[in-house]
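> following is a predicted model, sequence given first.
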Amino acid sequence: MSRSLTLYDACPDQLRQDGEAPYYATDPVCCGVFPSAALAACLRQLPQLRSLRIHKRELVTHGVTWDTLLAILSVPNLQELKFTGMYICPFSHSGDDLCIDAHALAPITTFHYQILDSPKAVGFETEAAALAAVLTGLHEGLETLTLTSESAPLPTLAQLDWPCLRKLTFYGTPWEAPTPAIAASSTKMPHLRELSFKLYTPSQANVPRIYDGVHLPPHLVRLALSAPIPQDDVFDHLPVTLRALSLRYWPHLYVQQYLHDIGFIYSHPRYDLLLRSSDILNILRRCSTLSLDHLEIEYRADEEDHALLRYLAQTFPNITSLKIHRYHSTPGECNLSIVSWAAPPVEATAY
């Protein structure tokens, strides 16, 4: 009997042109292929089902209704629910419609909500409200939570207690300013061990300091920060328990170049915004008290390149996994060296 199930949304309504009537739903952004009652009945025929993923690939706004979402959340024994590319409630709802208190929810421990890796993702007020309602019903049992930044209900994260949460990840575009709600939420997550900000590299010249004021949980083990800047004050407050640190761009700039070349994104990667060797060195000097065993860095080489590599070897002797994405010093050129090292065994590759 299947324990996991993946549903791919190939609803033809996604391909309808503006002004054309949808085939299956009254609203063109609403998927009518997954009606709530029929879907719930099918899922209940799988008593061993533990993991459900619903996804689509098309770069269009298309998602499930609130009734469909409630039907999924009520499936007994479901522990993992993932939406990839599929919006939740991308259309108008009244506040009363989004009430979840009267519904028996599945014992979900993993909730993953990620819109496709495109900086053109759209956040809807109803989408954020629906997520807030869902998380209000699931927060006590969640162990892993992934959210899209544009629609993440940050005030809800800050208000609720998360007694079991161990891993929290944000995808999407950077917030325009430091977000106090993120700082407040960290105090509500006593068992959080992994925190990742996988946010798109800003296209503007003035990179926002989104990590200022982020108070990290005292027992954090893994931390990923995309597009950090040396002035971020988060580096002055890293917990001594930290063992894995990732300072990279999301996606990697050479991946952004590829996505631009195939027309997935329209703006050129900002190689001029890349951190330099000296920037990474300044950051890591503020991490000298840590006992890291994993480090990932992405930067543009400058005159401090050799000093950075020497510092890594001298300061972090316990590293067993090291990933370096190093670009040549000329801005605007995708000249890249990638080195991955792990022990045991030792593996190294360069391109």
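That came through fine. This structure is a prediction, so every number in the text was calculated from the model and none was measured.

> and Ala130, that one's in a strand?
No - going by DSSP: H, G, I helix; E, B strand; the rest coil, the assignment for Ala130 is helix, not a strand.

> can you give me every residue that contacts the nearest residue to it once chain neighbours are set aside?
Spatial nearest neighbour of Ala130, chain neighbours left out: Cys89 (4.0 Å); criterion: Cβ to Cβ, 6 or more residues apart in numbering. From N, CA and C alone the C-beta is placed, and that goes for glycine too. Residues near Cys89 by Cβ atoms under 8 Å, 6 or more residues apart in numbering: 63-66, 69, 98, 124, 126-127, 129-130.

> which among these gets closest to Leu281?
Glu127 (40.9 Å; Cβ to Cβ).

> hang on, isn't the closest one packed against Tyr87?
Yes - contact criterion Cβ atoms under 8 Å: Glu127 and Tyr87 qualify, at 6.0 Å.

> touching both of the two, which residues are there?
By Cβ under 8 Å, 6+ apart, the residues touching both Glu127 and Tyr87 are Gly63.

> may I see the buried residues of stretch 257-272?
For stretch 257-272, the neighbour count (16 or more other Cβ atoms under 10 Å) marks 257, 259, 265, 269-271 as buried.

> closest one of those residues to Gln159?
Ile265 (34.9 Å).

> surely Gln314 is in a helix?
Yes - according to three-state DSSP, Gln314 belongs to a helix.

> relative to Glu125, how far out is it?
Separation of Gln314 from Glu125 (Cβ to Cβ, to the nearest Å) stands at 51 Å.

> likewise Tyr299?
Taken as Cβ to Cβ, the span from Tyr299 to Glu125 is 38 Å.

> neighbour count winner among these two?
For Tyr299 versus Glu125, the count of surrounding residues by other Cβ atoms under 10 Å is larger for Tyr299: 24 against 11.

> which residues in the protein form strands?
4-8, 51-55, 63-64, 80-84, 87-88, 110-114, 144-148, 167-172, 194-199, 222-226, 244-248, 294-300, 321-327, 336-342 (DSSP state E).

> next, the contact list for Glu127, please.
Glu127 touches 63, 87-90, 151, counting by Cβ under 8 Å, 6+ apart.

> any idea which of those residues is closest to Ile108?
Ile88 (14.1 Å).

> what about the closest one, neighbour count?
Ile88: 25 neighbours (other Cβ under 10 Å).

> what of the one 10 residues further on?
The tally of other residues near Leu98 (other Cβ under 10 Å) stands at 19.

> what ranges do the helices span in the stretch 201-350 of the chain?
Applying DSSP state H, counting those that start in this stretch to the stretch 201-350 of the chain gives helices spanning 253-261, 277-285, 305-315.

> pick the most deeply packed of those.
helix 277-285 (a mean of 20; mean count of other Cβ atoms under 10 Å).

> for the helices of the stretch 201-350 of the chain, give me JSON lines that also has distance to Ala38 and mean pLDDT.
Putting those into JSON lines (distance: least, Cβ to Cβ, whole Å; pLDDT from 0 to 100) gives the following:
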{"stretch": "helix 253-261", "distance to Ala38": "37", "mean pLDDT": "82"}
{"stretch": "helix 277-285", "distance to Ala38": "53", "mean pLDDT": "95"}
{"stretch": "helix 305-315", "distance to Ala38": "56", "mean pLDDT": "93"}
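
> save these as JSON lines, and put in distance to Ala37 too.
Formatted as JSON lines, the helices of the stretch 201-350 of the chain follow (distance: least, Cβ to Cβ, whole Å):
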{"stretch": "helix 253-261", "distance to Ala37": "39"}
{"stretch": "helix 277-285", "distance to Ala37": "53"}
{"stretch": "helix 305-315", "distance to Ala37": "58"}
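
> per-residue confidence averaged over stretch 196-206?
Confidence for stretch 196-206, expressed as mean pLDDT, is 74.

> nope, stretch 166-177 is what I meant
pLDDT averaged over stretch 166-177 gives 85.

> list the contacts for the closest residue in space to Leu220 that isn't next to it in sequence?
Spatial nearest neighbour of Leu220, excluding adjacent residues (Cβ to Cβ, 6+ apart): Pro239 at 5.0 Å. The contact partners of Pro239, taken as Cβ under 8 Å, 6+ apart, are 216-220.

> give me that answer again for 7 Å
216, 218-220 (Cβ atoms under 7 Å, 6 or more residues apart in numbering).

> and for Ile108?
78-79, 81, 138, 141-142.

> as CSV, the residues you listed with pLDDT, neighbour count and distance to Ala224 would be great.
Shown next, in CSV, are those (pLDDT from 0 to 100; neighbours: other Cβ atoms under 10 Å; distance: Cβ to Cβ, whole Å):
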residue, pLDDT, neighbour count, distance to Ala224
Leu78, 92, 22, 28
Gln79, 95, 16, 24
Leu81, 95, 22, 23
Leu138, 95, 22, 23
Gly141, 96, 17, 24
Leu142, 97, 20, 19
